[in-house]
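Undergrad: need coordinates for the following:
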Amino acid sequence: MTDVHPPQQLVTIDGAPALRPRVGRLLVLLFPAVAAMYALFNGISAVILPAQVEAVDPTSKVGNLALLTTLAAVASMVAIPAGGAISDRTRSRYGRRTPWIAAAAAVSAVACILMGLAESLPGLIATTVVLWFAANFYSGAVTAILPDRVPPRRRGVASAVIGLGTPVGIVFGVQVASRVGHLTAYAVIGAVLLVTTALLLLGAREGSARGLPVAARNRSSPGQSLRSFFAAFATRDFRLAFFSRFMLFASYFVVSGYTFYTLQDYVGTGNVPDGDVATAVSTLLTLSVGVWVVVASLAGWIADRMDRRKLFVGASALGVAASMTIPLATPTWTGMLIYSACLGASIGTYFAIDLAVMSLVLPNADSEGRDLGILQVATGLPQLLAGAVASAVITWCGGYPALFVFGALSAVVSGLLMLRIRSIR
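TA: Below you'll find the predicted structure:
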């Protein structure tokens, strides 16, 4: 299938000539697809799934939800690099990524409906694992569009578009999930993912991949295959990017996952507006996301113009660390508002440019999708570990102040690791 628009420039992908479509059109269509993906993740996990788990078994809801989220995280960590790796090796007339993006979107939509119909814990477990695997497989293949089809000089803007899709998707997904019945919410979220994916794949068509060379497949032992899969870690800058990302998201998820209890037990229920902790959490999230959107809209463009992407990402990680010190100095509602605004600005900058940096440390053009997927595991793994780490820090290291100290130190390590990358500015 050929692109319906005039080629912007002739480039080489995996050593073979390929036509690159207009980047502007691609990004305009990529944004709603990414937002729909994050709407699925956050609308379901934050609102719909907890309510379903409680309806199935109110007395065991905490343990059951922990089981489901753990299984979902495991499925995610397998699916993201798999989506990149399998699409890397695909050679179809529709391109490398398109068949898998379309299939994963369709499976995700069907799984949404089946999950909405589930009325037992085994049914929720099965559908949750299938949905999270399919949606994260989709994520791995979609994200690989960045190194495939966007030139390095435009990747800051492209990363900002993808980064901006995160807060927009969160707001949309949570609003849909909280305003309609759960089956309707599942249907709407699944339908939006299908429609936005169709617009992306048809409006910015990927060229045929049939002419691309296929990497030789050598007979090897399972151990050799595993080492080959993680071969990118042999590259210094790739390792630094992975661990920098891991530490940043450890900082963010370990602290943000306990915002409700922080307000309740550290700031004090009587010190939040009207004593309503749930509304206070919503207010902080809305403020943070609002600042995030404004900052992300500008940061990627500025980083491209200055050609200083590493500097921006490193500085934003240090900004997260500085934000974490505010509740330590001012454990009040006003302090939490200032903290949320500063955190939103720092995270917004990070998300706007992070993927551009990640795409520039990929060591092998033949496995860009797989290696970018592995870098995305650095986001999922901290989410999986966040609850246990936060609980241990609060219990054994001095309560909620220690939680913010942990977050600040993790973010500092992230920033310092990022600034040590040599291959990009």
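
Undergrad: what residues does stretch 239-256 touch?
TA: The contact list for stretch 239-256, computed with CB atoms under 8 Å, 6 or more residues apart in numbering, reads 233, 262, 313, 317, 320-321, 324, 347, 350, 354, 357-358, 361, 374-375, 378-379, 381-383, 385-386, 389-390, 393, 403-404, 406-408, 410-411, 413-415, 417-418, 420-421. In short, each C-beta sits where N, CA and C put it, glycine included.

Undergrad: again, only this time at 6 Å
TA: With CB atoms under 6 Å, 6 or more residues apart in numbering as the contact definition, stretch 239-256 has outside contacts at 233, 317, 320, 358, 361, 375, 378-379, 382-383, 386, 389-390, 403, 407, 410-411, 413-414, 417-418, 420-421.

Undergrad: repeat that for stretch 325-333.
TA: Contact partners of stretch 325-333, identified using CB under 6 Å, 6+ apart, comprise 266-267, 271-272, 335, 338-339, 401, 404, 408.

Undergrad: circling back to that earlier point, in helices, which of the contacts of stretch 239-256 fall?
TA: Mapping the contacts of stretch 239-256 onto helices (DSSP state H) picks out 317, 320, 358, 375, 378-379, 382-383, 386, 389-390, 403, 407, 410-411, 413-414, 417-418.

Undergrad: what's the ChimeraX syntax to select whichever of these are buried?
TA: Under the burial definition 16 or more other CB atoms under 10 Å, those of the ones in helices among the contacts of stretch 239-256 that qualify are selected in ChimeraX by:
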select :317,320,358,375,378,379,382,383,386,389,390,403,407,410,411,413,414,417,418
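
Undergrad: residues contacting the residue nearest to residue 257 when sequence neighbours are not counted?
TA: If you skip the residues right next to it in sequence, residue 257 has residue 386 as its closest partner in space, 5.0 Å away by CB to CB, 6 or more residues apart in numbering. If you count contacts by CB under 6 Å, 6+ apart, residue 386 has them with 253-254, 257.

Undergrad: could you redo the last one with a cut-off of 8 Å?
TA: Neighbours of residue 386 in contact, by CB under 8 Å, 6+ apart: 250, 253-254, 257.

Undergrad: dump these to TSV, plus distance to residue 240.
TA: Supplementary listing: these in TSV, determined by distance: CB to CB, whole Å:
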residue	distance to residue 240
250	16
253	20
254	21
257	26
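
Undergrad: from these, which is closest to residue 63?
TA: The shortest separation between residue 63 and any of the contacts of residue 386 is 16.7 Å, and it belongs to residue 257 (by CB to CB).

Undergrad: what's the neighbour count on the closest one?
TA: The number of residues packed near residue 257 is 17, by other CB atoms under 10 Å.

Undergrad: okay, buried residues for stretch 412-425 please.
TA: Under the neighbour-count rule (16+ other CB under 10 Å), stretch 412-425 has 412-415, 417-419, 421, 424 buried.

Undergrad: what's next to that stretch, contact-wise?
TA: The contact list for stretch 412-425 (CB under 8 Å, 6+ apart) reads 236-237, 240-241, 243-248, 251, 307-311, 313-318, 320-321, 357, 360-361.

Undergrad: tell me how far the closest residue to residue 150 other than its chain neighbours lies from residue 359.
TA: Once flanking residues are discounted, residue 150 sits nearest to residue 158: 4.5 Å by CB to CB, 6+ apart. To residue 359, residue 158 is 8 Å away according to CB to CB, to the nearest Å.

Undergrad: before we move on, the earlier item: adding distance to residue 91 and pLDDT, write the buried residues of stretch 412-425 out as TSV.
TA: Rendered in TSV, the data for the buried residues of stretch 412-425 read as follows (distance: CB to CB, whole Å; pLDDT from 0 to 100):
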residue	distance to residue 91	pLDDT
412	44	96
413	41	96
414	37	94
415	40	92
417	36	93
418	35	90
419	39	89
421	32	89
424	30	77
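
Undergrad: looking at those residues, which is nearest residue 154?
TA: Checking the buried residues of stretch 412-425 against residue 154 with CB to CB, the nearest one is residue 424 at 14.6 Å.

Undergrad: and that closest one, what element?
TA: Assigned by DSSP states H and E, residue 424 falls within no helix or strand.

Undergrad: what segments of the protein are strands?
TA: Across the chain, reading from the start of the chain, the strands by DSSP state E fall at 9-13, 16-20.

Undergrad: what separation do you get for residue 312 and residue 167?
TA: Taken as CB to CB, the span from residue 312 to residue 167 is 18 Å.

Undergrad: hang on, I meant residue 108
TA: Relative to residue 167, residue 108 is positioned 21 Å away (criterion: CB to CB).

Undergrad: same check on residue 241?
TA: Plainly put, residue 241 is 23 Å away from residue 167 if you go by CB to CB.

Undergrad: so where is the stretch 51-200 of the chain shaky, pLDDT-wise?
TA: Judged by pLDDT under 70, the stretch 51-200 of the chain has its weakly predicted residues at 62.

Undergrad: let's go with 90 and repeat that
TA: Within the stretch 51-200 of the chain, the stretches falling below the threshold (pLDDT under 90) are 51-78, 80-97, 119, 140-182.
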